[in-house]
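let me see the structure of the following:
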Amino acid sequence: MTDAIVIGGGLAGCAAALRLVDAGLDVRLLEAGERLGGVVGTLRERDARGRSWLFETGPHSVPATATTFGELVERLGLTGRVVRSKDAARERLLLRRGGLVRVPSSPPGLLATPLVSWRTKLRFLSEPRRRFVPPADGSEPTLHDFVAERFGEDAARVVAGAFVRGVYAGEATRLGARSAFPRLWDGVLEHGSVLRFLKASAQGGSGAARGELLSFEGGLGELPEAFARALGERVEHGACVTAIDRDAATRTFVVRTQDARHVAPRVVLAAPARTALALLRPLVVPSTEAASALDGLVAMRSNGVRLVHLGLEPPLPPGLPRGFGFLVPPDEAERRDLALLGALVPSNARGTRAGGLRVRRVLPPDGRRCGLRRGRRRARPSRVRRRDRRARRRPAPGDHPRRHLAPRDPRVRARARPTVRSTPDRVAGPRAGPRPGRQLHSGRLRRRRVEARDPGCR
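Here you go, the predicted structure:
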């Protein structure tokens with residue numbers, strides 16, 4: 001019998017298992033797949049010319065402000081492998097009316113941006129003086145309603161809508177503000193204003209530059225590989241958990257897999273929502289608080305997301321997007337019938353050893369067109385901005401890259417792998433979405449809950 005069993009080898013499960021090991025417990029981690037990390041992983045490929053390419057199967061970086069990530073990097077001995085993003089990664093773009101528009105990062109930029117109306121700009125300036133008052137009935141507003149109340153309708157529709165699609169692959173109209181962004185909600189309640197909270201966070205932060213991102217020399221896949229080395233033989237791969245039983249006489253849990261059974265007084269469940277629901281339902285007494293919590297898991301939705309990685313060799317075509325990449329606001333996607341959440345350019349953020357370019361396009365796998373038409377040699381070009389209609393036709397800086405990414409171009413190497421990004425429907429918890437910093441923090445919280453119930457394991 002072991003001291004604790006962790007079900008699920010994603011970042012949250014790995015972090016919880018490592019914390020419990022550091023607390024002196026005998027831990028067993030059960031993972032159904034052949035590797036740890038969940039959706040986090042890195043494909044390392046080499047083409048015929050010897051060029052190296054790194055393609056991330058999930059998230060590709062972590063914000064430098066994620067304190068839990070920094071602690072685990074030091075614990076796993078990866079400090080020397082950390083790579084910080086370049087200044088170009090701080091520039092964010094939105095697809096708006098057929099062109100790419102820079103997201104403002106300062107008050108002067110806010111006044112000049114065409115993304116929002118002048119009424120919204122005035123609401124931005126007055127937001128610190130309008131104290132936020134939560135609903136009197138205790139209900140939770142959607143993120144769209146929250147942003148619209150603070151900054152205006154077009155800010156919620158364009159800016160917040162695109163940001164949420166990039167983080168959760170969901171819609172701001174279906175996500176609760178407190179559930180999806182608990183730190184922001186608590187900060188606004190404390191300071192009374194979004195801008196006041198952001199200012200206080202910047203003054204008391206870790207010293208990292210705003211918008212700075214962290215990864216590793218060999219990609220973010222080095223993190224689950226380091227977890228595997230640290231946990232060693234405590235990890236059991238291919239262990240698909242079929243049931244969890246409770247032994248009231250011995251006050252232990254019996255975790256059954258296809259080939260074995262494990263007994264432990266503590267179980268940490270770090271599996272996806274649907275798997276957790278199937279395992280917990282037989283253990284919960286109906287009409288109790290725990291049963292109500294399971295009903296919340298039933299209401300959670302998951303959207304399928306497909307990542308398409310493109311590697312372009314130099315010389316690169318002109319007009320490719322600069323900065324971190326761009327996101328597509330929901331109204332723009334509906335207007336243009338575009339099944340594209342956004343595109344990232346990791347090479348602009350950290351570069352490539354081969355000197356080429358990597359473009360990462362994120363789109364739902366629902367069959368709608370995403371800018372690259374099947375059966376055609378060239379992609380359909382988008383409208384190009386022109387400074388002078390009489391001038392010769394040439395792409396303006398920051399033009400949309402679809403016209404340059406031909407599906408049959410021999411210089412393009414594409415890898416498409418389906419991934420799943422959790423999209424909660426107003427019941428988002430701390431594990432919603434593949435956000436590495438949040439997943440690692442969730443694992444630490446699980447370990448603290450085990451300690452609180454059993455002080456002797458400290």
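
can you pull the alpha-carbon coordinates of the helix or strand that Asp295 is a member of into PDB?
Using DSSP states H and E, Asp295 sits in helix 289-299. This file holds the C-alpha atoms of helix 289-299, laid out as PDB (Å, rounded to 0.1, in the frame of the first residue of the first chain):
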ATOM      1  CA  GLU A 289     -23.000  19.200  -1.800                       C
ATOM      2  CA  ALA A 290     -20.600  16.900  -3.500                       C
ATOM      3  CA  ALA A 291     -23.300  15.800  -5.900                       C
ATOM      4  CA  SER A 292     -24.000  19.400  -6.800                       C
ATOM      5  CA  ALA A 293     -20.300  19.900  -7.500                       C
ATOM      6  CA  LEU A 294     -20.400  16.900  -9.900                       C
ATOM      7  CA  ASP A 295     -23.400  18.500 -11.700                       C
ATOM      8  CA  GLY A 296     -21.000  21.400 -12.400                       C
ATOM      9  CA  LEU A 297     -18.600  19.000 -14.100                       C
ATOM     10  CA  VAL A 298     -21.400  17.800 -16.300                       C
ATOM     11  CA  ALA A 299     -22.000  21.300 -17.500                       C
END
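
by contact count, what packs against it?
Contact analysis of helix 289-299 by 3 or more C-beta pairs under 8 Å, 6 or more residues apart in numbering; DSSP states H and E lists helix 273-280 as its packing neighbours. Bear in mind the C-beta positions are built from the backbone N, C-alpha and C, glycine included.

ok so, going back, now the helix holding Asp295 and helix 273-280, what's the angle there?
Angle, helix 289-299 to helix 273-280, by axes from the mean of the first three to the mean of the last three C-alpha atoms, to 10 degrees: 150 degrees.

same question for helix 289-299, mean pLDDT?
Here helix 289-299 scores 77 as its mean pLDDT.

how far off centre is that helix?
24 Å (C-alpha atoms, centre = their mean, to the nearest Å).

over to stretch 114-129?
On the basis of C-alpha atoms, centre = their mean, stretch 114-129 sits 28 Å off its chain's mean C-alpha point.

measure that stretch end to end?
24 Å (C-alpha to C-alpha, to the nearest Å).

what of stretch 267-281?
Start-to-end span of stretch 267-281 (C-alpha to C-alpha) is 15 Å.

what are the buried residues along stretch 253-267?
Neighbour counts over stretch 253-267 (16 or more other C-beta atoms under 10 Å) mark Phe253, Val254, Val255, Thr257, His262, Ala264, Pro265, Arg266, Val267 as buried.

can you list contacts of it?
Residues from elsewhere that reach stretch 253-267 (C-beta atoms under 8 Å, 6 or more residues apart in numbering): 1-7, 25, 28, 30, 239-247, 251-252, 450, 453-454, 457.

what are the pairing partners of the host helix or strand of Phe326, and which direction each?
Per DSSP H and E: Phe326 is located in strand 325-327. Strand pairing for strand 325-327, using DSSP bridges, gives strand 92-96 (parallel), strand 342-344 (antiparallel).

thank you kindly, that will do.
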